[in-house]
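1. Got a sequence here, can you build the structure:
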Amino acid sequence: MRKKLIVVLTASLMLSMLAGCGKETETTDVTEAVTTEVETTEEIAEEASDTDTDEKSSEEKVAECASLIDAIYVQEWSEDTEELCKKAKASWDALTDEEKEMVEGENADPDYFGRDTGDASKDNPRNADDIGENEILVVSFGTSFNDSRSMDIGGVEAAIEEAYPDWSVRRAFTAQIIINHVLSRDGEKIDNVKQALDRAVDNGVKNLLVQPTHLMHGAEYDELTEALADYEDKFESVKVAEPLLGEVGEDATVINEDKKTVAEAVVSEAVEGAGFDSLDAAEADGTAFVFMGHGTAHTAKVSYSQMATQMENLGYKNVFVGTVEGEPEETSCENIIEAVKTAGYKKVILRPLMVVAGDHANNDMAGDEEDSWKNMFEADGSFDSVDCQIEGLGRIDAVKKLYVAHVEAAINEAGMEVTSSGEKKETSSEELADGEYDVYFNTDSSMFKVNEACDGKGKLTVKDGEMTIHISLVSKKIVNLFPGLADDAQKDGAELLQPTTDTVTYSDGTTEEVHGYDVPVPYLDKEFDLALIGEKGVWYDHKVSVSLVEE
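-> Numbers count the residues shown, from 1 in each chain. Take a look at the predicted model:
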C-alpha cells in the first residue's frame, strides 16, 4: 500500500515564542491554509476502511496509521476532522507493539499516540456552554503534554476563575495540530479560537475579556487580535489583556514591572528547586541557571534581551537567557554555552522560560537527541554537571497572580467591571465633604503597592474640592513618583513627588522606615496615570485608582 500524504501550504510561518509548546510548534500558523492534495483526507479514510483489518499486511496497517496521523497533523479544522481523529486512534490501537514502533510518516511517529505525557482526565478543557453574559477567554498556543496542559495552562485558568467567580472562564488554543492530537489520543475536545468565539456569541455573551497566555506581543498575539476584529460588533464590549511580559519597548534596555516580576519568580523557583538557600549560594557553588525561551524572528524578540537586562539589573550574575530558535542571535545555545564558560561556572541547571513545559522543554531542552540543550552542554565538556527542571511558568504562583492582575487592569480599562447579576458596577464619583477618609489604593502591579501593614489603604484628604492620598510603600526603593506618564516625568520642569519617611508597624510588632507619598487624586473609582522611578534610575508607567470600598 503506497503512503498517502496531505501537503499543507500556509500563508505565514508562526514565528512568535509560543505560550504552550508541543512538537507541533514547528508547523505553520492558524490562519488561512491552502491544501495541495496528493490524496484527500476523505479518500484516506475511505481506503482505510475499505479493506478488512485482518486482511492487511503488517506494512499496510503501519502505513495506514501513519497516513491517518499525517492527515490530522494540519492547522485547519474541517467537517471530517473529528472522524479522522477517531480513525487514526483506532488504526493505532489495532497495531501490535512491534508495529507501533514502525509507524513513520511526514509527521507521524510512535510517540504521537505512544508517549505517556500524563493523565488527560486531570485537565479541564473549559468548553462548556451556559457561559452567561460575562466571559474571560484564556487563549493559549496549547500543548499535547497532558500534565503540563493541566498544571501550566490549567493553573493560570484556575487562578483567573478564582479571582473572578462572577465571570465564566473558557479556553481556546490557537494550534489546531495540538487540538487534533489531544482529541485523537485522549478524546478531549478543546475549542480553537473561532469555535470559542462562536460559542460565546451563541451563548449571548455581552462582555468578552480575552487573556492570552503568550509571553509577549509577538506574531501569535497579533494574529489573535486580528481574529477578534471580526467579532467586535457581536459583543457589547471586547478587550484583550496584556501578555505575560507586558509591553515590548524599543530596545534591550527597556524593562518593566512585569518582566521584573517574572524574572524574580522564575529565578526563585529555580533556586529552590535546585536545593539552594539563595541565588548567591548557588553562585558560590559554581552553579549557573540557564532559562530557555522559544525565540522569534518577530520584532518582539527584543523581549528576550530585555529579560537578560532585567536579570542583570537584579544582580543575578549566574543567570542566562537563551532561546531554542537562537533569535536574538546572542540567545543561541552555542552562544549561551560560551557565556556560561566565560563566566567560569562549572554546573548548569536548565529550565524553560515558557508558560508551558511542553515539547520544547521535554525534547529541545532535556531530550535524548544529540542537539538537545542538555546534550550540547554535556558534549562541550566544560561542565561538571548539567541538570534540567521541566516546569512551566504557568504553575508559579507569582506568574498566576500577574495574569490575574492583567485581567483586572483590562477589565477596569474597558469599564467592564460587573456584579454577579451581570449588571454594570456603579462607581461613586460624587464629591466628598472636606475631611479625611480611609480609602483603598489600587495598582496594576504586585510590586507597586501600599505596605502590607496598611491593609491596602491610604489616607485621603479632601479640601476645597481637591483630593490627595497619602500612601506608605513597601520600602525606600521607589525614589520619586509623578502624576502622569513616564515620558512626561523626564521632561524639563516636571514636578516630581518627593518621598516622606514613614514608619510602619507590622502585625508582629516590628517597625520599619519606608517611603511615603502625597499623591493628587483627580477622581475616585477610576484609573489614572502614576509613574515611578526606582533606585536603578528607570521610569515606569502605572495605572492606579482610589476607592472608598475594597475592589
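2. Show me the strands in the stretch 201-350 of the chain, by range?
-> Assigned by DSSP state E, counting those that start in this stretch, the strands in the stretch 201-350 of the chain fall at 207-212, 237-240, 287-293, 319-323, 347-352.
3. Mind checking the ones you listed for the one nearest to Thr501?
-> For these, proximity to Thr501 was assessed by CB to CB; strand 319-323 is nearest, at 33.4 Å. Using the backbone N, CA and C atoms, a C-beta is placed for each residue, glycine as well.
4. now the strands of the stretch 201-350 of the chain in a markdown table, with distance to Asp438, mean pLDDT and mean neighbour count?
-> Formatted as a markdown table, the strands of the stretch 201-350 of the chain follow (distance: least, CB to CB, whole Å; pLDDT from 0 to 100; neighbours: other CB atoms under 10 Å):
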| stretch | distance to Asp438 | mean pLDDT | mean neighbour count |
| --- | --- | --- | --- |
| strand 207-212 | 30 | 96 | 25 |
| strand 237-240 | 31 | 93 | 19 |
| strand 287-293 | 42 | 97 | 25 |
| strand 319-323 | 41 | 97 | 25 |
| strand 347-352 | 43 | 98 | 25 |
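5. any chance of those strands in TSV, with distance to Asn146 too?
-> As requested, the strands of the stretch 201-350 of the chain are exported to TSV (distance: least, CB to CB, whole Å):
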stretch	distance to Asn146
strand 207-212	22
strand 237-240	28
strand 287-293	22
strand 319-323	25
strand 347-352	17
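6. can you tell which of these is closest to Val262?
-> Ranking the strands of the stretch 201-350 of the chain by distance to Val262, with CB to CB as the measure, places strand 287-293 first at 9.9 Å.
7. mind exporting that closest one as CSV, just the C-alpha atoms?
-> What follows is strand 287-293 as a C-alpha-only set of coordinates in CSV (Å, rounded to 0.1, in the frame of the first residue of the first chain):
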residue,chain,number,x,y,z
THR,A,287,26.1,26.8,39.5
ALA,A,288,24.6,28.8,36.7
PHE,A,289,20.9,28.9,35.7
VAL,A,290,20.0,28.9,32.0
PHE,A,291,16.4,29.8,31.1
MET,A,292,15.4,28.7,27.6
GLY,A,293,12.7,30.5,25.7
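8. Show me what it is packed against.
-> With contacts taken as 3 or more CB pairs under 8 Å, 6 or more residues apart in numbering; DSSP states H and E, strand 287-293 sits against helix 257-273, helix 302-313, strand 319-323, helix 333-343, strand 347-352.
9. roughly how far apart are the residue nearest to the spatial centre of the chain and Ala288?
-> What sits nearest the mean C-alpha location of the chain, by CA atoms, centre = their mean, is Thr213, with 3.1 Å. Thr213 is 28 Å from Ala288, where distance means CB to CB, to the nearest Å.
10. Ok, Ser67 next?
-> 46 Å.
11. Then Pro522?
-> 48 Å.
12. Asp488 too?
-> To Ala288, Asp488 is 41 Å away according to CB to CB.
13. One more: Glu104?
-> 38 Å.
14. ok now stretch 492-505, how far from the chain's centre?
-> Offset of stretch 492-505 from its chain centre (CA atoms, centre = their mean, to the nearest Å): 35 Å.
15. Show me which residues of it are buried.
-> Under the neighbour-count criterion of 16 or more other CB atoms under 10 Å, stretch 492-505 has 497, 499, 502, 504 buried.
16. out of the residues you listed, who's nearest Lys401?
-> Looking at the buried residues of stretch 492-505 and their distance to Lys401, the nearest is Val504, at 22.4 Å (CB to CB).
17. Show me what counts as buried in whichever strand or helix holds Ala409.
-> Using DSSP states H and E, Ala409 sits within helix 397-414. Neighbour-count burial for helix 397-414, counted by 16+ other CB under 10 Å, picks out 398-400, 402-412, 414.
18. And stretch 246-253, by the same measure?
-> Of the residues in stretch 246-253, those buried (16+ other CB under 10 Å) are 246, 248-249, 252.
19. what sits against the closest residue to Phe173 other than its chain neighbours?
-> Closest residue in space to Phe173, ignoring its immediate chain neighbours: Gly142 at 3.4 Å, by CB to CB, 6 or more residues apart in numbering. Contacts for Gly142 (CB atoms under 8 Å, 6 or more residues apart in numbering) come out as 20, 22, 149, 153, 173-175, 178-179, 182, 190.
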